Each structure stands twice: as C-alpha cells, then as structure tokens.
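**Q** using only what follows, build the 3D model:
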Amino acid sequence: MKPIVYQVFTRLFGNRNTTCKENGSLKENGVGKMNDFDAATLKLIKNMGVTHVWYTGVIRHASQTDYSMQGIPCQHAEVVKGKAGSPYAITDYYDIDPDLAVDVDKRMQEFEALIERTHQAGLKVIMDFVPNHVAREYKSICKPKGVKDLGEGDDTNMHFSIQNNFYYLWGQPLDLKEVRAGRTIEDTTPKGELQLFHSIVNEPYEEKPARATGNDQFSACPSCNDWYETVKLNYGIDYCDAGGRSEHFNPIPDTWNKMTDILLFWAAKGVDAFRCDMAEMVPATFWFWATDKVKFRYPDIKFIGEVYNPAEYRNYIGAGFDWLYDKVGMYDCIRDVICGHRRAGDITAQWQATDDIRQHMLYFLENHDEQRVASDFFAGNARKGIPGHLVSVLLQKNPYMLYAGQEYGERGMDKEGFSGVDGRTTIFDYWCVDTLRRGYFDRRKRTKEEKELQALYQQIMLMANKEKAVCEGDTFDLMYVNQHLADRQFSFLRKAGKELLLIVANFSDEKKAIDVFLPAHAFDALDIPETEITATDLLSKETLKIVLRADSPVHMDVQPWSGRVYKMKF
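**A** Residues are numbered from 1 along each chain as shown. The predicted model follows:
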C-alpha cells in the first residue's frame, strides 16, 4: 500500500462562516470543528485515494480567545501570533484545542470520537508532535496524575542543567521591544511580499529570567522575525558551553522522559502516526531512544520527520523515522521546474540522491509552510501543478502528501490578519477557505475549473494503489536516453508482473508531439518483451498502438501542463 497523506488544517477546514474579517475574532470569523469531519466528509477524502489524514493543530496552543470560563488559562496577546495563534506554540501537550470542540468541556472525548470515525472510514490518523519548543506561557491543566509539568522543577539560576526543561538567561528579563514596536517589513522575495508584525497589548508581557527562544536564539531580546512566542526545550545540549556546543545525554535528560510519555499518551488513544515538527532541531539520539520505546508498545506507529538537511536524513531514519520531508531536494526541484527555473531532467538527480532511502522520502507540492501552487508567488495557475503532482505520486513507492484545498486550486492570496498576502493559507488567523467550503460543504457551488482539477488530482492519486505497477513495481528513469525532452518533459517506466506503465509529464504550456525512446537496458532490467501492443492512457482513456522495440521511440501527443500514463498488459 502506497501511503497518501491528506493534510488538513483542522481549525480552517470545516469553517463555513464567510465573514472573513481581517484580523477577526473567533466570534466574528467562526472556526471549524472536529465534528465537521463526519462520515460523509471522510468518505469524500478517502475516495480521492487517501490513506492517512493529518489533523494539523489539534493540541491546545496559545490563542487570544478567552476560555477562562472553562478553566483554561488565558494567554498574553503579546506572545501570541494572530488572534487564533500558532498551532506550534503548544500550551498543554495533554489537551485538545478548545476552538475545535462543539462542547469545550468534552473536547478530549470529541477528539477520541474523531479518531474512531476516521478509522471507521478506513483511514489512519496523523497528529502533530511539537518537540522542540512550547508556548511562553505553557501550563498543563490536563496532565495525568503524578506527571510533573515542563519547567516545574527547573533551577532558573542555571543557564543549562541536564535536569532543566528550559534554558535560562541568568536573571535577565525578556525584552520584547522589537516585537512591541510593530512594523511592516518588506520581504526579500522577488515579488516584494509583505509580512506584518504587530502586537497591540495594554500591559507588557513579563518573563524573569528570560528563556531561550524556540529557533535557538539565546538572547533576552528576540526580534520579530524570531519564534518569539515560543521557548526552546532542553534535550541535554549546552549550546553556550565555553568550548562550544556540547552534549550531555548521560544520565538521561529529564525532558526525554517527559516528551516520550507525551508520545505514549497519544499513541494509547489510537493515533497511527506523529508528524514531528522541526525534528532535526532535536538530537537524533533522543529520537532513537524515544521511538524505540513507543514502537515497542505500538509496533505499527509511524514517525514523520520535518528534516531539511539532506546530510542528516540517514541519521534520523536510523533514529526511528519512517518518513522524512523531501523538501530541499524533490519539492524545491519540482517547484523550480513548474516555474521554468530548472529543466525537468533535473528531477533525476533528486531521486538519485536519496535512492538508498527512497521508501522513506515524503513527496509533496504544498503544505501549511509552503506557498500554494496557484498563488501569484508560485505558479499562478493551479493546472500548472498537475505534471508535478503526476511525478510526485507515480515516480516511486514512497508516500505522498496533499494539502487540503490544493486539489481545488486554493490560491492562498487572502490577507487574513497576522498573515498577509503571501501565497500561503494562514495558520495564525480565524478564516474561511472558500475552496474547501465549496469542495466539501456546498458542493453545488463548485466551479467547472474546480471540479475538473479535483477530478485530475483524484484520478492520479487513485492510481497509486489501484495500479500494481505503482504501489509494488520497479521504476526506470528514461531521461538519460531522452535528453531531447529534458527541458520541459520528464518520462519514466513503472512495472510489476505483466503490467507496464509508460509515464510522461509535460511541464510545458504547449501541446507537444514527442518521441520517447526505450533503451535496451530497460527491456532487460524490467523483463519487457519486444512486441506490438495496444496501450491505454489512464488519464484520457485514449488508446495507442505501440511497437515495443529496444532503443526505438514511442510517438505520442501530450497536452500542456498534463501527461500520459500509458498502461500495457502482456
């Protein structure tokens, strides 16, 4: 089974309130709920070929919404980004975000019911684990009896201690003057993207002594570009040792035990996988220790790592990670190919760089951190993403991830509040994503273009597990004998048993008549017979008579921003 992950930003997905007031409150703009993922909605998701749903942002995080009547501590607005807050500034690892519950007092029961519904729909559940940092005002009100809170026993007079959960700055108070100033900074991207940083509060936030900021800033005065709303967790690394960075893993740091207990808590509720935020900012030694303990009790559970340094990929796989983001390799390359900044033939080098760990690499074209394909900052047209989707889904047996709304051409060009017009869908604000509202909750209002795009995405993803050649077969890259195509086309074979797929992705904005050469080596490596055969394009259902001969071409026409998936059965 080839894993197909569908990422949903839970707070936004089911929201049908179309007010969309910039910087609006929950009361003004509304919010999606876990209950929006009912049986019918989950069926629509599964019918796209999805195997896993990643419910992003379900653990309670810092927010400017007041739930004090329900006994939930309020958060200081100065250390919350946006009205809704970042889902990666966790305030209680043992709690569920109250925004997502119909009945706030029963929010954990509603999450447990969501897990059950998802499983009944034949889907697996992925949730975030945020190991590197927490919200500045982290305080667990839901921790199990006998569990000590993060920082509860820390010696705040020590910059570093193996038993401390945080890093302290020797009595210096936190200084947020740069954040308080509030200003607009012009981004350095070619489009001149604007990012708005602001904080309007009556009383300043106080923290004495200051703690290190989540993005490894060991300063009492973080900038507005830092993750100033978070504090760094201590896994036994002294970053400010007199001799430089030093590791202290014996005895086991206190944070290791606490964070592993959190993983076991959620695994016991039936979570099938953890997407581990900024996993490479936490030492691989911890992951080896923690994943071993979790997988001993839950052997089928998966760990997905956000690791951006290719030099560290194999270390983190060795430490227990099942899948890693292929961001700086495959994602960056395909994005550049779509935008015309690189040749399609460069895709070959990306899969070759991770060929020994290919089953571990998670391909994607969008996620909550990246710009939408259809945005003005990326391709400007959702259809231009189709050849990239085709390659990402069909090239290997490894997992693929789709971000909710991508299949409907969501552009991410709204100015939501804390998030400006940046080509991304906000993770900080209360908002309604119009394409998702139509796609799942008001389907009669879908546009013709949205229906066609979604059908293409679905068609390709369904091949991932319907076609044996994709989910089980071998891959043969054809580009080394097809350099005449390498500028805007990419071609490869997939074969399992007596089924062969000849796949061509056309990144050009023009219809192309092309010859794809099949080398003798492919016939030998995949055991392909030389014969005449009728092939059917799984995308268009058109047929083509092919003469399969070593070192001979197959002639075909390919539509712009599309492809061919010719299937042959011997």
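**Q** what are the ranges of the strands in the stretch 201-350 of the chain?
**A** Per DSSP state E, counting those that start in this stretch, the stretch 201-350 of the chain carries strands over the ranges 230-232, 237-238, 246-247, 273-276, 302-305, 323-325.
**Q** so can I have a markdown table of those strands showing mean pLDDT?
**A** Shown next, in a markdown table, are the strands of the stretch 201-350 of the chain (pLDDT from 0 to 100):
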| stretch | mean pLDDT |
| --- | --- |
| strand 230-232 | 98 |
| strand 237-238 | 96 |
| strand 246-247 | 96 |
| strand 273-276 | 98 |
| strand 302-305 | 98 |
| strand 323-325 | 98 |
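**Q** adding distance to Gly417 and mean neighbour count, write these out as a markdown table.
**A** For the C-beta atoms, the positions are set from N, CA and C on the backbone; glycine is no exception. Output for these, formatted as a markdown table (distance: least, C-beta to C-beta, whole Å; neighbours: other C-beta atoms under 10 Å):
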| stretch | distance to Gly417 | mean neighbour count |
| --- | --- | --- |
| strand 230-232 | 19 | 26 |
| strand 237-238 | 36 | 20 |
| strand 246-247 | 41 | 13 |
| strand 273-276 | 25 | 25 |
| strand 302-305 | 29 | 25 |
| strand 323-325 | 27 | 24 |
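**Q** okay, the ones you listed in TSV with distance to Asn165 next?
**A** Putting the strands of the stretch 201-350 of the chain into TSV (distance: least, C-beta to C-beta, whole Å) gives the following:
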stretch	distance to Asn165
strand 230-232	9
strand 237-238	13
strand 246-247	17
strand 273-276	18
strand 302-305	22
strand 323-325	26
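**Q** tell me which of these sits nearest to Val565.
**A** Among the strands of the stretch 201-350 of the chain, the nearest to Val565 by C-beta to C-beta is strand 323-325 (24.4 Å).
**Q** mind giving me the packing neighbours of the closest one?
**A** strand 302-305, helix 313-318, strand 361-364 (3 or more C-beta pairs under 8 Å, 6 or more residues apart in numbering; DSSP states H and E).
**Q** now stretch 255-266: buried residues?
**A** Residues of stretch 255-266 classed as buried: 255-256, 258-263, 265-266 (neighbour count, 16 or more other C-beta atoms under 10 Å).
**Q** chain center to that stretch: distance?
**A** Relative to the mean C-alpha coordinate of its chain, stretch 255-266 is positioned 22 Å out (C-alpha atoms, centre = their mean, to the nearest Å).
**Q** and the average pLDDT for it is what?
**A** Stretch 255-266 comes out with an average pLDDT of 98.
**Q** name the residues that touch it?
**A** Residues outside stretch 255-266 that contact it (C-beta atoms under 8 Å, 6 or more residues apart in numbering) are 93-94, 127, 129, 131, 144, 147-148, 150, 165, 233-236, 274, 286, 289-290, 293-294, 297.
**Q** list the contacts of Ala525.
**A** Ala525 makes contacts with 474, 476, as judged by C-beta under 8 Å, 6+ apart.
**Q** ok so it is a strand residue?
**A** No. Assessed with DSSP: H, G, I helix; E, B strand; the rest coil, Ala525 is helix; it does not lie in a strand.
**Q** can you tell me how far it is from Val554?
**A** Look at Ala525 and Val554: by C-beta to C-beta, to the nearest Å, they are 17 Å apart.
**Q** can you check Glu78 too?
**A** 63 Å.
**Q** cool, and Gly71?
**A** Distance from Gly71 to Val554, by C-beta to C-beta: 67 Å.
**Q** these two: who's more crowded?
**A** Using other C-beta atoms under 10 Å as the criterion, Gly71 and Val554 rank with Val554 on top: 21 against 9.
**Q** buried ones among the contacts of stretch 255-266?
**A** Burial by neighbour count, 16+ other C-beta under 10 Å: within these this picks out 93-94, 127, 129, 131, 147, 150, 165, 233-236, 274, 286, 289-290, 293-294.
**Q** for this protein, what helix or strand is lowest in average pLDDT?
**A** Of all helical and strand segments in the chain, the minimum by mean pLDDT, DSSP states H and E falls on strand 194-197, at a mean of 35.
**Q** filter the buried ones among the contacts of stretch 255-266 down to the ones in helices?
**A** Those of the buried ones among the contacts of stretch 255-266 mapping onto helices are 286, 289-290, 293-294, per DSSP state H.
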